[in-house]
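> Predicted model and sequence below, questions to follow.
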Amino acid sequence: MSAERSTAPWAIVTLREVMVKARDRSYLISTLVTVLIIVGTVLFNAYMNTRGEEYTVAVYNGNVDITVTVSEGQEIVEAADEAGQANGGNTRFEAVEADSPDAARELVRSGEADAALLAAYDGWTLVGNEELPNDLQQGLAEALRAHVLEINAANAGTTAEALLENSEFQTDLLNGDAENQLLATIVGFVFAFLFYMAAIIFGMAIATSVLEEKQNRVVEILATAIPIRQLLYGKVAGNTILAMVQLALYAGAALLALNLTGTAETVGSIIPASGWFLVFFLAGFLILASAWAMIGSMASRSEDLNNSSGPVLTVIIVALFAGLFAKGQLLVAASFVPVVSSVAMPVRMLNGEVPLWQTLASLLIALVAAYGLLRFGERIYRRAVMQSGGALTLRKAMKLES
């Protein structure tokens, strides 16, 4: 027996699908561009986080009130600068004294100062040119509140610390970690988007490949050499491998970029969820791959793919929206629905701890659904792929003889 005869037919088809795609220049270029975008985004965010902002503030106190000293505005700006650099911050404030309110406004108008902090009888005014950045307003506002609080506390014969005693609270969540919620939201969006793109790109590739072989009657030649179901299994397996490799490549590029920027420790909590995402993606994509293969086998031209892909696209979009917007019990329920669980369950893991039995139960449901749809898709594929003369509906394809 030769090596070719001893190799399973579906494995030969799988290898062919992978090799054809690996030689596709557009596929390689799009993958490389996506990797560069991911790495560039991580590096750019790291740069922006370390770059910080520097604001120049023109100050004038004058003699509007005997309680206002000439250096009071400068003290407020210096306090804002200290607060902006506390706890690893990188927002800087620098005070520039002006001789009059008009001179302070002129510094802002000419661009020599980003804003002017002016004292008046009824309080303070922050003057900007065309806009006042939020960081600038917030930094000076907090410094001004602390400054005024100190003065009022002293006038009342006490201290600012005494007035603010027990006035702060800590945050806690019954489910999840408050400190990681923003990171979890961002990563959840990435999970949903990657699943959406991979399911459409590789799914449509399966449907198109099946249709082309049907149109060119290549499938009839292949059917004389290998069982039709083996051809289906090979196509599903090959494109699943390609999708998994591409996702792993994207994840590796992102982790490498995070290591280069020294921020990898911030994503330690998402690594387990990322691993489960790959597992659930595999189960969900197997379901969709079978559906895409059925769509391709029932079509007779490319326009038919667009007309018959509506239900599959709807499921993919539901999975996308579940990852982006589902909360609470809706997210819990979605995490047990095949395909939708490919995004919903990893997102649940990002938001809090999920019992292991629920994770395994959800995965088992998805795998059973994948096996069931693959067997059903095999029946439709064997009946429809050899038919010509027009597009078939699912009902018509089920009535055909294999």
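Arrived safely.
> Show the average pLDDT along stretch 128-140.
Stretch 128-140 shows a mean pLDDT of 86.
> CA atoms only for that stretch, dumped as CSV, please.
C-alpha atoms of stretch 128-140 as CSV (Å, rounded to 0.1, in the frame of the first residue of the first chain):
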residue,chain,number,x,y,z
GLY,A,128,-9.6,79.1,27.0
ASN,A,129,-9.1,80.1,23.4
GLU,A,130,-11.2,77.7,21.2
GLU,A,131,-11.6,74.8,23.7
LEU,A,132,-10.6,73.7,27.2
PRO,A,133,-9.4,70.1,27.4
ASN,A,134,-11.1,67.9,29.9
ASP,A,135,-7.8,67.0,31.6
LEU,A,136,-7.0,70.7,32.0
GLN,A,137,-10.4,71.5,33.5
GLN,A,138,-10.5,68.5,35.8
GLY,A,139,-7.0,69.0,37.1
LEU,A,140,-7.5,72.6,37.9
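> change the start of the numbering to 794 and stick with it
Sure, I'll start counting at 794 from here, so that last one is stretch 921-933.
> Show me what stretch 1121-1132 is in contact with.
1076-1077, 1080-1081, 1108-1109, 1112, 1115, 1119, 1133-1134, 1137-1138, 1140-1141, 1144, 1147, 1151, 1154-1155, 1158-1159, 1162-1163 (C-beta atoms under 8 Å, 6 or more residues apart in numbering). Quick note: C-beta positions are derived from backbone N, CA and C, even for glycine.
> which of the residues you listed are buried?
For the contacts of stretch 1121-1132, a burial check counting by 16 or more other C-beta atoms under 10 Å picks out 1076-1077, 1080-1081, 1108-1109, 1112, 1115, 1119, 1133-1134, 1137-1138, 1140-1141, 1144, 1147, 1155, 1158-1159, 1162-1163.
> what bits of the stretch 844-993 of the chain have low per-residue confidence?
Scanning the stretch 844-993 of the chain for pLDDT under 70 picks out the ranges 844-845, 854-863, 880-882, 963-976.
> Actually, the stretch 994-1143 of the chain.
Judged by pLDDT under 70, the stretches of the stretch 994-1143 of the chain that qualify are 1051, 1054-1062.
> Could I get the contacting residues of Val889?
Thr849, Val850, Ala851, Val852, Leu900, Glu905, Ala906.
> nearest spatial neighbour of Val980, skipping sequence neighbours?
Taking C-beta to C-beta, 6 or more residues apart in numbering, and ignoring the residues beside it in sequence, Val980 has Ile1063 as its nearest neighbour in space, at 5.0 Å.
> wait, I meant Val1136
Using C-beta to C-beta, 6+ apart, the nearest residue to Val1136 is Gly1116, at 3.6 Å.
> Just the buried positions in the host helix or strand of the one you found, please.
Gly1116 belongs to helix 1103-1118 when elements are defined using DSSP states H and E. For helix 1103-1118, burial by neighbour count (16+ other C-beta under 10 Å) applies to Val1105, Val1108, Ile1109, Val1111, Ala1112, Leu1113, Ala1115, Gly1116, Leu1117.
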